[in-house]
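Undergrad: Build me a model from this:
(one chain, ligands or ions: 1)
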Amino acid sequence: MSQLNTNVRVIDSHTEGEPTRVIIQGGPDLGEGSMRAKADRFEKLFDDFRKSMILEPRGSDILVGALLCPSSNPDCASGVIFFNNVGLLGMCGHGTIGVAVTLAHIGHIREGNHRLDTPVGEVSFELKEGNCVTIENVPSWRAKKDVTLDIDELGEVKGDIAWGGNWFFLTAFCPCPLINENTEELQRTAMKIRRHLDKHGITGDNGEAIDHIEMFSAPVARDAHSRNFVLCPGGVYDRSPCGTGTSAKLACLAADKAWESGHTWIQESVIGSRFEGTYKRIDDRRIIPSITGTAYVYGETNLLHSPDDPFKAGRYGSDE
Ligand code: PYC
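TA: Predicted coordinates for the structure are as follows:
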């Protein structure tokens, strides 16, 4: 087991209901280099630290972690590596909004425009009044349209494969209404889709795993355009409308010429919270999505690791 710092300062927030735990002090030293290189080092050498921040008893499966680290680009307010209960995330939309509000909370930034360095590229954001943040995400695109899966117990499931900072399979296939009361059934169905993709080697570009499943339907609120349910890689679902998932959705809409650039798309989550999205076209294939949402800081904690604590690396941590 790698050495765990005994005192780690974290700030917890939620973005449209989805929590983000930002590690602002006491995280591992990941050395020099690009954020990609730092993320690789984090994944290889400090997995116990990741687990200890997210898993029980210090956390919960639904938390997304954000490790702040210095960026080699002085124009960036910070570098950040996002992670969850099973590993690292490429980008995280709700997490970026949470990081922005957290950086303001600790006095590191003020309202205005800023940049963040992530392992999948730089993103910019505008921090506005009332904890409202608009992020400009990484380039997003649809890789495949109308992929048909024939899944035991579900039958034919048709969907698109798109990148929005993570890989998504987006489908209108819903076994039941996308509402809070149905999240267990939705999780089970989305897991079946995920397992089918893995089993049959259906991937994003360059063989990259599709680790997010997004089901969408008509919205509940009259002024919204769509509602979604997003299954995250660790088997839990996003309480927010998922920033990278909304980006992937916008990429599909743009590819189908079903939504104009610059127009506001209102995406509802399964709990009824919402993001507003717009996009700019880069070329025939790719767009730059912008996502707006609100985050609230709800906790400041020092997490401790006692050397003799059997669960210092989390409930499912490695056995020593
Ligand atoms: O908002 O992009 C997002 C996200 C990814 C996983 C959980 N939230």
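Undergrad: going forward, measure contacts and count neighbours with C-alpha atoms only.
TA: Fine.
Undergrad: doesn't Asn228 make contact with Thr171?
TA: No - if you go by Cα atoms under 8 Å, Thr171 and Asn228 don't touch, sitting 9.7 Å apart.
Undergrad: any idea of the pLDDT on Asn5?
TA: pLDDT for Asn5: 71.
Undergrad: How many residues are close by it?
TA: 16 (other Cα atoms under 10 Å).
Undergrad: So it is in contact with Phe46, correct?
TA: No - with contact defined as Cα under 8 Å, Asn5 does not count as touching Phe46 (10.9 Å).
Undergrad: and Asn137, what pLDDT?
TA: 95.
Undergrad: shared neighbours, Asn5 and Phe46?
TA: Common contacts of Asn5 and Phe46 (Cα atoms under 8 Å, 6 or more residues apart in numbering): Pro28.
Undergrad: sorry, back to before: which of Thr171 and Asn228 has more neighbours?
TA: Ranked by neighbour count (other Cα under 10 Å), Thr171 and Asn228 place Asn228 first, with 32 against 22.
Undergrad: hang on, the more buried one in a strand?
TA: Yes - the assignment for Asn228 is a strand, going by DSSP: H, G, I helix; E, B strand; the rest coil.
Undergrad: Report the contact partners of the nearest residue to it once chain neighbours are set aside.
TA: Using Cα to Cα, 6 or more residues apart in numbering and skipping residues adjacent in sequence, the residue nearest Asn228 is Phe216, 4.3 Å away. Shown in contact with Phe216 (Cα under 8 Å, 6+ apart): Leu170, Thr171, Ala172, Phe173, Cys174, Leu178, Ser226, Arg227, Asn228, Phe229.
Undergrad: hmm, try it at 6 Å
TA: Taking Cα atoms under 6 Å, 6 or more residues apart in numbering, we find Phe216 in contact with Ala172, Arg227, Asn228.
Undergrad: Partner strands of the host helix or strand of it and their direction?
TA: For Phe216, the enclosing helix or strand under DSSP states H and E is strand 212-217. With DSSP bridges as the test, strand 212-217 is paired with strand 167-171 (parallel), strand 226-231 (antiparallel).
Undergrad: Report whether it contacts the ligand.
TA: No - if you take Cα under 6 Å from any ligand atom as the test, strand 212-217 misses the ligand, and the best it gets is 7.9 Å.
Undergrad: Where does the closest residue in space to His105 that isn't next to it in sequence fall, secondary structure wise?
TA: Computed as Cα to Cα, 6+ apart, the closest residue to His105 that is not its neighbour in sequence is Val297, at 7.7 Å. Using DSSP H and E, Val297 sits within strand 286-304.
Undergrad: which bits of this protein sit near the ligand?
TA: Residues of the chain lying near the ligand by Cα under 6 Å from any ligand atom: Cys92, Gly93, His94, Cys232, Asp238, Cys242, Gly243, Thr244, Gly245.
Undergrad: quick one: contacts for the third one?
TA: Put plainly, it is His94. Thr15, Gly243.
Undergrad: cool, the second one as well?
TA: By Cα under 6 Å, 6+ apart, the residues touching Gly93 are Gly243, Thr244.
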